[in-house]
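**Q** dropping the sequence and predicted coords here.
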Amino acid sequence: MLKKRALLLFIFLYTISLTAQYELTGQIIDIDNNAAIPNVFIINTQDSTTYIANIDGQFKLLIGAKYRFSAVGYYSKEVQLLSTGPAIIQLRPNFTILDEVMVSTNQLSTKLNQAVSTINIIPNKVIQRKSQVNMAAVLNTIPGLYMHTGALNTNRITIRGIGSRNLYGTSKIRAYFGDIPLTTGSGETNIEEFELKAIGRIEIIKGANSSIYGAGLGGAIHMMPNLSYLKETSIKAGLSIGSFGLRKGYLDLNISNAKHGLKILYSDTHIDGYRDNNKYDRQTVTLSSNHYINAKNEITVLGNYTNLKAQIPSSIDEEKYISNPKSAAFTWAKSQGKEDVNRGLLGVSWKHKYSDQIKHFTSVFTSYRNSDEDRPFNILEENTFAFGMRSRVIGKNRLFKRAVDWTIGGELFFDNHKSKTFINLYKDYPQETGSVKGTLLTNYKELRKYSNLFFESIFHISDRSLVTFGVNYNKTSYTLTDKNIGNNNQSGDYEFDGIISPKIGVSHQLFDNVYIYSNISQGFSPPSITETLLPDGKINTEIQPEIGWNYEIGSRGKLFSNKVYFNVALFFMDIDNLLIAKRLSEDQYIGVNAGNTHHKGLELSISSTMVENELVTINGYLTYTLNNFYFNNFVDSGNDYSGNQLTGVPSNIMQTGIDVSSKSGIYGHINYQYISSMPITDSNSLYSDSYKIANVKIGYKYLLSDKISVNIYTRIGNVFNEKYASQILINAKGFGGKEPRYYYPGNPINYYSGLTILYNVK
């Protein structure tokens, strides 16, 4: 009897132990954006037993076994499950099969091939192969997007022609680093100060999509931080040297276990610059920390600090552009124009899972930016402190027995901006002195308040079709305090009426690997407080936000036995209440609503795996943009420009390239870009010249040991030494009998070489 009881107890305990082995739960996520990857195949490498993760990437597996995790669009990964807590499996996207990759730009994570908007992805591999220092080389790979770059610290981004009217920076386009907004309360966006190696992926959504991001006519640029790799501790160090005094070094530290990761990246970049008065020095520290507390809670911490000191050569006139493109603008050189920037960002995101159907994402963030800019017409000091939060609930339900994904949430953003200008006394001192601060001219304090509520849903009306509906309510206001008693007081409040912006879109799987999509959406862009001020110091209460409707149809998918991926989109945008910067003097502008513009275009991207075998892989790509943007109704100072081509946007952009990688470790990249001419003036009386740029990069990766790998590389830019203007200042005017300064000369042939060493501690 005793033996029988002992046997029963043994069987009972053994059964419990077997059952306990299956208690390990986990989730499979995209390493770049933490999006859950659905329906991943999981194979036990010992007995070939196959499992499939659920739609949220979740699984329950036997502890102690080794598994291979495989999903279309991602590189496979083998992991031995040893822990007793929740397991997080990170898969890296395969950039040659991007249509299957999960995107999170639309807040509701979905595969790219099912998106109802035109979304482009720039994977980490593409970011790193393009440039060590220049963001424009990375972003200009995307059809429909064009980034002017007058210097590393002087840029302007346009998407589908939106933003081309801004003279010295980027506006009307939203940008985020993780969940931290990079767009200020006045609508200005600055992303070129970021270290490229801190970015894991860039997702770009084009067109008016206010139901997701609020005030942004052109779209949004979502930069995903380079998060830590779990179960890996490593140190990576790199050094690059090149033309025009380029020296760049970085140190990347990754410390993690199965559930907690920390990544710290330090970079130091110096370049003397091709032009006079063109030195650039930048130091950055980026920190990302991801923590998977338990099956229901995740926390991510993201921080960035940037210190930038950069000279400003500014634009030059046509005679200087032809005869001496290295020269800086005379007054900028004499005053030694420059900027000194300190910027910091900090954000904490919490993801909580209430159930398999309901999740909650909340992010709180803060940032500051202190900037001093020495300009020949004055010296500008700016201090900005911002804080806010973004929270959304994501749910899954069923309607008429079909799946419905939805999100509802809001964003609050407060931006406290202080600015002072001083007389620049550089003319009263010897030339080598540079800028000298004089009497206070202006002293403003601005409080910018921005809030939006949003809702978006995806209704899977069949196994092959879905419908998306979204709506956004936005409220924007400014409070200006003039603290300079000597001026006519310009203090006042300005508040825009609340704006409701809808969006509707559809996606349908036409064939096994071909999808079509379409959407109609509204966007808007409120004027900045500078644009609302009149010359007499009063606030212009008549000025209105720009409003635009976007109509789009497109198709994406794979052809020829999945060897060729394509995405083609046709769009039409109608922009009313066009805001222009009307120039009154060398440094005085006012904002004016001056009519409307029509934006018609075609965007095409094609990529193909041309050769793939055990020895070598060759991938090719081509992107093409056809723009037909024009003023439909535009009268300025009595001049009727209706029917003219929109200023500052090329009508044709083409880029093509080939990537080669071999098992021996040798790799290479060839890139060719064509930019057509573009109108420089609203009258279309002056156009820039078209230009062609070719770039080549070759490298060699090899293993010194099981723990140490080395990468050496060389890149040659502008191989054929093309002369071109990399940025245009539209509608420039000459003062004091001088010619207008339209041109920012691009770099001639240039190179850099580098070495990277990676040491895996474990």
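**A** Looks like it came in fine. Numbering: from 1, shown residues only.
**Q** use CA for all of it now, contacts and neighbours both
**A** Will do.
**Q** isn't Ser367 right next to Thr306, touching?
**A** No. The criterion here is C-alpha atoms under 8 Å, and Ser367 misses it with Thr306 at 11.5 Å.
**Q** shared neighbours, these two?
**A** 343-344 (C-alpha atoms under 8 Å, 6 or more residues apart in numbering).
**Q** run the chain-centre distance for the helix or strand encompassing Tyr250.
**A** Under the criterion of DSSP states H and E, Tyr250 resides in strand 246-256. How far strand 246-256 lies from its chain's middle: 21 Å, per C-alpha atoms, centre = their mean, to the nearest Å.
**Q** stretch 267-274 now?
**A** Put simply, stretch 267-274 sits 22 Å off its chain's centre (C-alpha atoms, centre = their mean).
**Q** before we move on, the earlier item: grab the CA positions of the strand holding Tyr250 and hand them over as PDB.
**A** Extracted in PDB, the C-alpha atoms of strand 246-256 (Å, rounded to 0.1, in the frame of the first residue of the first chain):
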ATOM      1  CA  LEU A 246      36.400  65.000 -41.400                       C
ATOM      2  CA  ARG A 247      37.100  63.100 -38.200                       C
ATOM      3  CA  LYS A 248      34.400  61.000 -36.500                       C
ATOM      4  CA  GLY A 249      34.700  58.600 -33.700                       C
ATOM      5  CA  TYR A 250      32.000  56.700 -31.700                       C
ATOM      6  CA  LEU A 251      31.700  54.200 -28.900                       C
ATOM      7  CA  ASP A 252      28.600  52.000 -28.600                       C
ATOM      8  CA  LEU A 253      28.000  50.000 -25.400                       C
ATOM      9  CA  ASN A 254      25.300  47.300 -25.200                       C
ATOM     10  CA  ILE A 255      24.600  45.700 -21.800                       C
ATOM     11  CA  SER A 256      21.600  43.300 -21.400                       C
END
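**Q** what residues does the helix or strand just after that strand touch?
**A** Remark: after strand 246-256, the chain's next helix or strand is strand 260-271, criterion DSSP H and E. The contact list for strand 260-271, computed with C-alpha under 8 Å, 6+ apart, reads 133, 195, 198, 227-230, 244-256, 279-292.
**Q** now these: which count as buried?
**A** 133, 195, 198, 227-230, 244, 246-256, 279-292 (16 or more other C-alpha atoms under 10 Å).
**Q** okay, buried residues for stretch 136-153 please.
**A** Counting neighbours by 16+ other C-alpha under 10 Å, stretch 136-153 gives 136, 138-153 as buried.
**Q** and stretch 150-166, by the same measure?
**A** Buried-residue list, stretch 150-166, by 16+ other C-alpha under 10 Å: 150-166.
**Q** pLDDT score assigned to Asn747?
**A** What the model reports as pLDDT for Asn747 is 96.
**Q** now do it against Gly273, distance only.
**A** The gap separating Asn747 from Gly273 is 9 Å, by C-alpha to C-alpha, to the nearest Å.
**Q** and what of Asp689?
**A** For Asp689 relative to Gly273 (C-alpha to C-alpha), the value is 23 Å.
**Q** those two: which is more packed in?
**A** Gly273 (20 against 13; other C-alpha atoms under 10 Å).
**Q** pop out the phi and psi values for Ala137.
**A** Main-chain torsions, Ala137, degrees, to the nearest 10: phi -60, psi -30.
**Q** mind listing what it touches?
**A** Residues in contact with Ala137 (C-alpha under 8 Å, 6+ apart) are 130-131.
**Q** identify the bridge partners of the nearest residue to Gly498 once chain neighbours are set aside.
**A** Spatially, and ignoring its direct neighbours in sequence, Gly498 is nearest to Lys475 (4.8 Å; C-alpha to C-alpha, 6 or more residues apart in numbering). Counting by DSSP bridges, Lys475 forms beta bridges with Ser451.
**Q** looking at it, Lys475 is touching Asp497, isn't it?
**A** Yes. In this structure, Lys475 is within contact of Asp497 by C-alpha under 8 Å, at 6.8 Å.
**Q** what about these two, which has more around it?
**A** Shown here are Lys475 and Asp497; by other C-alpha under 10 Å, Lys475 has more neighbours (19 against 11).
**Q** for the more buried one, what are its contacts?
**A** Lys475 sits next to 450-452, 496-499 when contact means C-alpha under 8 Å, 6+ apart.
**Q** reformat those residues as JSON lines; add pLDDT and distance to Tyr51.
**A** Shown next, in JSON lines, are these (pLDDT from 0 to 100; distance: C-alpha to C-alpha, whole Å):
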{"residue": "Tyr450", "pLDDT": "86", "distance to Tyr51": "47"}
{"residue": "Ser451", "pLDDT": "88", "distance to Tyr51": "44"}
{"residue": "Asn452", "pLDDT": "87", "distance to Tyr51": "42"}
{"residue": "Phe496", "pLDDT": "79", "distance to Tyr51": "54"}
{"residue": "Asp497", "pLDDT": "82", "distance to Tyr51": "54"}
{"residue": "Gly498", "pLDDT": "87", "distance to Tyr51": "50"}
{"residue": "Ile499", "pLDDT": "87", "distance to Tyr51": "48"}
